[in-house]
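Asks: Everything below, folded, please.
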Amino acid sequence: MRLVRFALLTTIVGLAACSSRIGSTPAPSPSNTGESTASASPLSTERAAIRIDVQLVDALRMEPASMTVPAGVPVTFVVTNAGVLEHEFYLGDEDAQQDHEAEMQSMGGMTHDEPEGIAVDPGETKELTYTFAEPGETLAGCHVAGHYVGGMKATITIGT
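Replies: Alright, predicted model coming up:
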């Protein structure tokens, strides 16, 4: 009999405890307070580590000749000079490419590294990390004398 009373009492206490939560407001959680929480997902990991291999070849070509990247995400271009000639990899729209071409001519064709571009010696591999702010289209070009006008450029489409 004592066992039955104990079981009955335990059940009543348990029901009373549960019933006190019925109709009450749930505790705030990130999903119902308007707060967001950061969490790792395969998509966010991929978007955070974008790498594109680029080959600069003596036939005055960049391979690939077209690339697509997201806006607002750092992109690392791994640029290899696969030829025996000096090359460079410079990022910017057509106006920026023309300005850089003029700068290169005024410097006697001397290549140099800067935030938008890198000089890559024959057989060398260098990295350039760049974040494109807005969607659109831009270019990568090589401005060693005669290379850009010879077609050594690639189109970069910047998506959302």
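Asks: now the strands for this structure?
Replies: Along the chain, counting by DSSP state E, strands occupy 50-57, 61-63, 66-70, 74-81, 87-92, 117-120, 125-131, 136-141, 153-159.
Asks: Can you list the neighbours in contact with the fourth one?
Replies: In other words, strand 74-81. Among residues not part of strand 74-81, those counted as contacts by C-beta atoms under 8 Å, 6 or more residues apart in numbering are 48, 50-56, 69, 87, 89, 118, 120-132, 140. For glycine as for every other residue, the C-beta is placed from the backbone atoms N, C-alpha and C.
Asks: For these, which ChimeraX command selects only the ones that are buried?
Replies: The ChimeraX selection below is limited to those of those classed as buried (16 or more other C-beta atoms under 10 Å):
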select :52,54,55,56,69,87,89,118,120,126,128,130,132,140
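Asks: Tell me the buried residues in stretch 93-108?
Replies: 96, 97, 100, 101, 104.
Asks: Now render those residues as CSV, adding distance to residue 156.
Replies: Shown next, in CSV, are the buried residues of stretch 93-108 (distance: C-beta to C-beta, whole Å):
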residue, distance to residue 156
96, 12
97, 12
100, 15
101, 18
104, 20
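Asks: Among those, name the ones in helices.
Replies: Of the buried residues of stretch 93-108, the ones assigned to helices by DSSP state H are 96, 97, 100, 101, 104.
Asks: The last one reaches residue 143, doesn't it?
Replies: Same thing as residue 104. Yes - assessed by C-beta atoms under 8 Å, residue 104 is found in contact with residue 143 at 4.4 Å.
Asks: Okay, now the unreliable bits of this structure?
Replies: Low-confidence segments of the chain (pLDDT under 70): 1-48.
Asks: Output the strands of the chain as JSON lines; include the columns distance to residue 110.
Replies: Formatted as JSON lines, these follow (distance: least, C-beta to C-beta, whole Å):
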{"stretch": "strand 50-57", "distance to residue 110": "17"}
{"stretch": "strand 61-63", "distance to residue 110": "21"}
{"stretch": "strand 66-70", "distance to residue 110": "27"}
{"stretch": "strand 74-81", "distance to residue 110": "16"}
{"stretch": "strand 87-92", "distance to residue 110": "10"}
{"stretch": "strand 117-120", "distance to residue 110": "9"}
{"stretch": "strand 125-131", "distance to residue 110": "17"}
{"stretch": "strand 136-141", "distance to residue 110": "16"}
{"stretch": "strand 153-159", "distance to residue 110": "20"}
